[in-house]
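Q: 3D, please:
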Amino acid sequence: MKRIFAAMLLAALALPAFAHADVDNRRHRLQHRAEGGEPHAMFLLAHMLADGEGGPPDRVAARAWLERAAELEYPEALQELALNEPDPERADALMRAAAHALAHRAHAADRH
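A: Now for the predicted structure:
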């Protein structure tokens with residue numbers, strides 16, 4: 001019984017290390033995919049960087065990845081930029097671009 005309890009305790013103590021390694025690995029994989037030009041990976045990496053998942057928070061890098069995804073017409077990135085844009089005209093233009101990109105995505109999905 002003591003051995004089972006000790007094994008459970010050790011496993012419980014090791015879980016945060018495994019979870020941390022998993023997040024680090026996920027951030028590294030997303031970084032690689034984002035550098036390869038994948039807008040979805042750019043968007044997810046931006047959020048990981050902003051939230052400090054898998055490393056220290058880096059809001060500057062997060063914003064840069066979000067903007068790169070938006071440049072590739074990734075709708076969610078365009079929408080997020082629009083929602084955080086203080087200039088109402090720029091926010092409107094970003095939201096219209098997001099709507100256009102979503103319509104394009106839906107049209108492409110219908111063809112498959």
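
Q: Tell me which residues of stretch 46-61 come out buried.
A: By neighbour count with 16 or more other Cβ atoms under 10 Å, stretch 46-61 contains the buried residues 46, 48, 49, 50, 53, 54. In this view, the C-beta of every residue, glycine as well, is placed from N, C-alpha and C.

Q: For the most centrally placed residue in the chain, give its distance to residue 92.
A: Most central in the chain under Cα atoms, centre = their mean is residue 44, positioned 1.1 Å from the mean C-alpha point. According to Cβ to Cβ, to the nearest Å, residue 44 and residue 92 sit 26 Å apart.

Q: what ranges do the helices span in this structure?
A: 2-35, 39-51, 59-71, 75-83, 88-111 (DSSP state H).

Q: Name the residues that touch the third one?
A: Defining contact as Cβ atoms under 8 Å, 6 or more residues apart in numbering, one finds that helix 59-71 is touched by 34, 39-40, 42-43, 45-47, 49-50, 76-78, 80-81, 94, 97.

Q: Equivalent analysis for the second one, please.
A: Outside helix 39-51, the residues within contact range by Cβ under 8 Å, 6+ apart are 23, 26-27, 30-31, 33-34, 53-55, 57-59, 61-63, 65-66, 68-69, 72-74, 76-77.

Q: For the buried ones among those residues, write the corresponding ChimeraX selection.
A: One line in ChimeraX is enough to select the buried ones among the contacts of helix 39-51; burial here means 16+ other Cβ under 10 Å:
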select :27,30,31,33,34,53,54,62,65,66,68,69,72,73,74,76,77
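
Q: coming back round to it: could the helices of the chain be laid out in a markdown table, adding mean pLDDT?
A: Listed next are the helices of the chain as a markdown table, based on pLDDT from 0 to 100:
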| stretch | mean pLDDT |
| --- | --- |
| helix 2-35 | 68 |
| helix 39-51 | 96 |
| helix 59-71 | 97 |
| helix 75-83 | 96 |
| helix 88-111 | 93 |
